[in-house]
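K.L.:
Take a look and give me a structure for this.
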Amino acid sequence: MNPENKIKAMKAVYCYFFPEVRSIIKEVGSRIPDEMFLVSADAQDIESKLYPLFSPKLEIPSTDGKIDLDSIHLPIIKRISEIYEPIVPGLENFAHSYPTSGSSEGLFHFLVQLKTKGVESISVLKGEYEGYEVQAANIGLNVKRRGLEEALGCKGEHWFISNPSARDGNILPDEFIKQLCDNENRLIVDLAYVGATRPHAFEIGHENIIGTVMSFSKPYGVFRFRIGGFAFSRGEVPSLYGNKWFKDVPALFTALKIAEDIDPQRLYGVYRPKQERIVSGINSEFSLGIRPSDSLLLGYLDEWQANSLPRERKKMIEPFKRDTGYRFCLTPYYEELELNPEQGKEGKR
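P.N.:
The predicted structure is shown next:
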């Protein structure tokens with residue numbers, strides 16, 4: 001190994017802007033009629049003009065025949081929810097849905113809601129998404145960090161859980177989520193990685209899952225565009241009510257087009273072999289033993305594997321440590337592979 005070589009993986013998870021999505025963003029931007037944003041626009045006329053973009057036609061809310069942009073998110077969220085229902089069973093049980101700028105906005109409002117109801121602390125798994133803890137601290141909530149086994153002994157707490165887990169990009173066992181719920185804990189489930197993993201049904205029907213958020217940032221790579229963020233709750237979230245007015249309408253149209261043209265998990269079938277190739281290349285160069293995570297964007301290493309590495313390699317991966325394991329964001333390698341498709345193949349360096 002060349003001592004000057006460094007692993008190109010990233011500590012933070014930055015999304016890969018999938019090529020399949022780029023043309024859709026451009027298409028939607030060019031096809032949305034300007035008159036849609038006029039208060040005098042005829043709803044049926046706009047519906048007809050959008051028909052080539054959305055099939056079947058997207059039902060456009062109206063008031064006295066004029067387009068009602070304050071309600072445009074409702075049919076869009078409904079159609080996206082129907083697309084996601086097979087992989088997120090139970091989503092239909094949430095009475096309230098809100099458009100958000102990615103999943104982080106929804107998570108913050110759930111934290112605020114708990115704070116205003118007198119909750120003093122939240123619980124997270126060790127090595128979880130840092131945003132929970134940072135935003136909780138910003139509003140004066142304490143954070144309890146638990147290991148997996150310790151978590152199963154907790155009762156009556158408020159949990160923020162990402163599934164697939166931001167700890168390592170892997171899907172949490174169904175029984176783990178169920179046990180947390182059965183122990184009378186209240187869960188906000190963060191589904192930001194859903195759509196970027198192997199096929200799995202992320203069951204959220206338990207009554208103690210009181211809210212969930214979704215994002216297109218990781219499964220479709222549109223983080224910088226703030227496209228495809230949604231919050232779902234069993235009860236109202238008053239601080240999100242204003243989002244019916246303060247929302248990005250073109251982003252909502254783009255989210256629907258992406259979801260309908262690129263079914264969730266379709267990209268997994270295309271990119272899983274590339275993920276395996278990338279991880280194999282890293283291991284070939286550095287002899288680390290990294291494994292592909294369930295999420296396309298990540299690779300991971302268990303503690304026992306890391307402990308068996310020579311000291312210089314263990315030092316190399318130290319920045320990637322999360323709790324007891326290690327997590328590697330593979331986005332730079334996807335971008336490199338896009339520019340140099342032959343890279344990493346046998347005989348190619």
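
K.L.:
Low-confidence stretches in this protein?
P.N.:
By pLDDT under 70, the low-scoring segments of the chain are 1-4, 344-349.

K.L.:
which helix is the longest one in it?
P.N.:
What stands out as the longest helix in the chain, according to DSSP state H, is helix 266-286.

K.L.:
Against which helices or strands is the next helix or strand after it packed?
P.N.:
Proceeding C-terminally, helix 266-286 gives way to strand 291-292 as the next helix or strand, assigned by DSSP states H and E. Judged by 3 or more Cβ pairs under 8 Å, 6 or more residues apart in numbering; DSSP states H and E, the packing partners of strand 291-292 are helix 266-286, strand 298-301. For glycine as for every other residue, the C-beta is placed from the backbone atoms N, C-alpha and C.

K.L.:
hey, which of these is tucked in deepest?
P.N.:
Mean neighbour count (mean count of other Cβ atoms under 10 Å) peaks for strand 298-301 among those, with a mean of 24.

K.L.:
Identify all contacting residues around that strand.
P.N.:
Contact partners of strand 298-301, identified using Cβ atoms under 8 Å, 6 or more residues apart in numbering, comprise 9, 13, 168-170, 275, 278-279, 282, 288-293, 317, 320, 325-330.

K.L.:
which of those residues are buried?
P.N.:
9, 13, 168-170, 275, 278-279, 282, 288, 290-293, 317, 320, 325-330 (16 or more other Cβ atoms under 10 Å).

K.L.:
I figured residue 263 was touching residue 82, is that so?
P.N.:
No: contact between residue 263 and residue 82 fails when scored by Cβ atoms under 8 Å: they sit 11.8 Å apart.

K.L.:
Tell me where the stretch 1-150 of the chain has strands.
P.N.:
Ranges of strands in the stretch 1-150 of the chain, per DSSP state E, counting those that start in this stretch, are 62-63, 66-67, 96-100, 121-125, 142-146.

K.L.:
What are the neighbouring residues in contact with the nearest residue to residue 14 once chain neighbours are set aside?
P.N.:
The shortest distance from residue 14 to any non-neighbouring residue, by Cβ to Cβ, 6 or more residues apart in numbering, is to residue 331 (5.1 Å). For residue 331, the contacting residues are 10, 13, 14, 15, 16, 297, by Cβ under 8 Å, 6+ apart.

K.L.:
tell me which of those is nearest to residue 67?
P.N.:
Closest approach between the contacts of residue 331 and residue 67, by Cβ to Cβ: residue 15, at 32.3 Å.
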